[in-house]
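K.L.:
When you get a sec, could you give me coordinates for this:
(4 chains)
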Protein chains: 2
Amino acid sequence: MAQATRAVGGGVGALVRQKANIDRVFHALGDRTRRAIVRKLSQGPISVSRLAEPLDMSLAAVVQHLQILEESGLVHTEKAGRVRTCRIEPAGFSAAEQWIGDCRSMWERRLDRLGDLLAEPN
Amino acid sequence: MAQATRAVGGGVGALVRQKANIDRVFHALGDRTRRAIVRKLSQGPISVSRLAEPLDMSLAAVVQHLQILEESGLVHTEKAGRVRTCRIEPAGFSAAEQWIGDCRSMWERRLDRLGDLLAEPN
DNA sequence: ATAATACTTAAGTGTCCACTTGACAATTGA
DNA sequence: TCAATTGTCAAGTGGACACTTAAGTATTAT
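P.N.:
A predicted model of the protein is given here:
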């Protein structure tokens, strides 16, 4: 999918940017509360205060989490009037998935070679 | 630890255990150094000290990271003689991938319904 | 037996980070 | 206009966490 790459930046700088971002993405997902927020947003856009409602912590805390999620590119927020609406940014997740995918392809290639060796008829 | 494999396999308890583990998995991947370790191990098994060599920090620090990675199920280590060999535990990653996949399927279903509505010929 | 290697364990340290509080700004409803 | 809603900002706190040092154990090499 050239789409995912394009969505983040496009061109050569995209890879660089993604590599810089992967840190923020995994750090963002490393927190329980932020994952809860992501799951909730996966169900659809919602305001900050409605997001905070079930989250046993102050509104300010939730806003801080949202800032981290937005800087990581996993979430997009937009303010209309006095209410800020938050939504998932699907492209943001591709960095994480790609990182894991890269690792997997590494060890799979290795295991394949290993299998070939064992199957080799010497 | 009755099988990290079990957590991935079938059974009802598997889901529960995975849900408990997802916290540790994402927390483990949230650290830059630990991701570097994972990438290295994706290339093949290696001893602790050889892992530590390029990692500008003490051996003890690396061992601590390895403990976290092992508890999260992403890495398996085994000691033979005086050398502990570390290797990737491929199954450990499926928890993370599945979590992201679950989110994605949520928002995709939603976007599909949205598309249907817009395409509806009223 | 001695020394070197490859960890292991425990305790301490500093920093980052999640969260709180409280004061403030902007928008909307009555 | 007044008040309630919705969010913003700054500063502070406590705990988690990455990392260090130092002393110890087990294994292998000489």
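K.L.:
where does the longest helix along chain A sit relative to the chain's centre, distance-wise?
P.N.:
Of all segments of type helix in chain A, defined using DSSP state H, the longest is helix A:92-119. Here the centre of helix A:92-119 is set off from its chain's centre by 20 Å, with Cα atoms, centre = their mean, to the nearest Å.
K.L.:
tell me the mean pLDDT for that helix?
P.N.:
Computed over helix A:92-119, the mean pLDDT rounds to 90.
K.L.:
Spatially nearest residue to A:Ser42, not counting backbone neighbours?
P.N.:
B:Met106 (3.9 Å; Cβ to Cβ, 6 or more residues apart in numbering or on different chains). Bear in mind the C-beta positions are built from the backbone N, C-alpha and C, glycine included.
K.L.:
Does the one you found touch A:Gln43 like I think?
P.N.:
Yes: B:Met106 is in contact with A:Gln43 according to Cβ atoms under 8 Å; the separation is 5.9 Å.
K.L.:
Give me the more crowded residue out of these two.
P.N.:
For B:Met106 versus A:Gln43, neighbours defined as other Cβ atoms under 10 Å in any protein chain shown are more numerous around B:Met106 (18 against 13).
K.L.:
quick one: the longest helix of chain A to helix B:92-119, angle?
P.N.:
130 degrees (axes from the mean of the first three to the mean of the last three Cα atoms, to 10 degrees).
K.L.:
and the residue in chain A that DNA strand D sits nearest to, what is it in contact with?
P.N.:
For chain A and DNA strand D, the shortest gap (Cβ to the nearest atom of the strand) falls at A:Ser49, measuring 2.6 Å. Residues in contact with A:Ser49, defined by Cβ atoms under 8 Å, 6 or more residues apart in numbering or on different chains, are A:Leu59, A:Val83.
K.L.:
Now do the host helix or strand of it: distance to the chain's middle.
P.N.:
Secondary structure assignment for A:Ser49, by DSSP states H and E: helix A:48-52. Put simply, helix A:48-52 sits 20 Å off its chain's centre (Cα atoms, centre = their mean).
K.L.:
which helices and strands does whichever helix or strand comes after it pack with?
P.N.:
Later in the chain than helix A:48-52, the nearest helix or strand by DSSP H and E is helix A:59-71. In terms of contacts (3 or more Cβ pairs under 8 Å, 6 or more residues apart in numbering or on different chains; DSSP states H and E), helix A:59-71 is packed against helix A:13-29, helix A:32-42, helix A:48-52, strand A:75-80.
K.L.:
State the number of residues packed around the residue lying closest to A:Trp99 once chain neighbours are set aside.
P.N.:
Of all residues beyond its chain neighbours, the one nearest A:Trp99 is A:Ile22 (5.6 Å), with distances taken as Cβ to Cβ, 6+ apart. A count of nearby residues for A:Ile22, using other Cβ under 10 Å, gives 18.
K.L.:
try the one 3 residues further on
P.N.:
Residues lying near A:Val25 (other Cβ under 10 Å) number 24.
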